[in-house]
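Novice: Let's see this in three dimensions:
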Amino acid sequence: MLIILSLLFGSIAIGCLCKNIQPLKVFSDKVSITILLLLFTLGLSVGMQDAVVGNILNLGFTAFAIAAVCVAGSVVLTGCLSRFAERRRK
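Specialist: Modelled structure (predicted):
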């Protein structure tokens, strides 16, 4: 995991350093198309697995529950932080 994160942040840093180099701007459209093809291929491979397709309802319910808890936690934390900021302002 550390290697993956290092590669991610390293490539972001290199991208920021090279964003004004004109010949590299040609790749932006090709990268978008490549990412779309990778996502399509990922969807195909997931769809071909019987274990995933067979448990799609269970996985969907779990994903919905996680998303709902995350949203509720964000709302509660935002409310607490806004109250704290208002008290500090006064």
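Novice: what's in contact with the helix or strand of the chain with the lowest mean pLDDT?
Specialist: Of all helical and strand segments in the chain, the minimum by mean pLDDT, DSSP states H and E falls on helix 50-54, at a mean of 83. Defining contact as CB atoms under 8 Å, 6 or more residues apart in numbering, one finds that helix 50-54 is touched by 46-47, 59. For the C-beta atoms, the positions are set from N, CA and C on the backbone; glycine is no exception.
Novice: what pLDDT, on average, does the helix or strand hosting residue 3 get?
Specialist: Using DSSP states H and E, residue 3 maps to helix 2-17. The average of the pLDDT scores along helix 2-17 is 91.
Novice: Find out how far it is from the centre of the chain, if you would.
Specialist: 16 Å (CA atoms, centre = their mean, to the nearest Å).
Novice: CA atoms only for that helix - export them in CSV, please.
Specialist: In CSV, the C-alpha atoms belonging to helix 2-17 read as follows (Å, rounded to 0.1, in the frame of the first residue of the first chain):
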residue,chain,number,x,y,z
LEU,A,2,2.9,2.3,0.8
ILE,A,3,4.3,1.7,-2.7
ILE,A,4,1.0,2.5,-4.3
LEU,A,5,0.5,5.8,-2.4
SER,A,6,4.1,6.8,-3.0
LEU,A,7,3.6,6.3,-6.8
LEU,A,8,0.4,8.2,-6.7
PHE,A,9,1.8,11.2,-4.8
GLY,A,10,5.0,11.1,-6.8
SER,A,11,3.2,11.1,-10.1
ILE,A,12,1.0,14.1,-8.9
ALA,A,13,4.2,16.0,-8.0
ILE,A,14,5.8,15.2,-11.4
GLY,A,15,2.5,16.3,-13.1
CYS,A,16,2.5,19.6,-11.2
LEU,A,17,6.1,20.2,-12.3
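Novice: Show me the domain layout of this structure.
Specialist: Structural domains annotated on the chain: 1-48, 53-90, as defined by automatic domain parsing.
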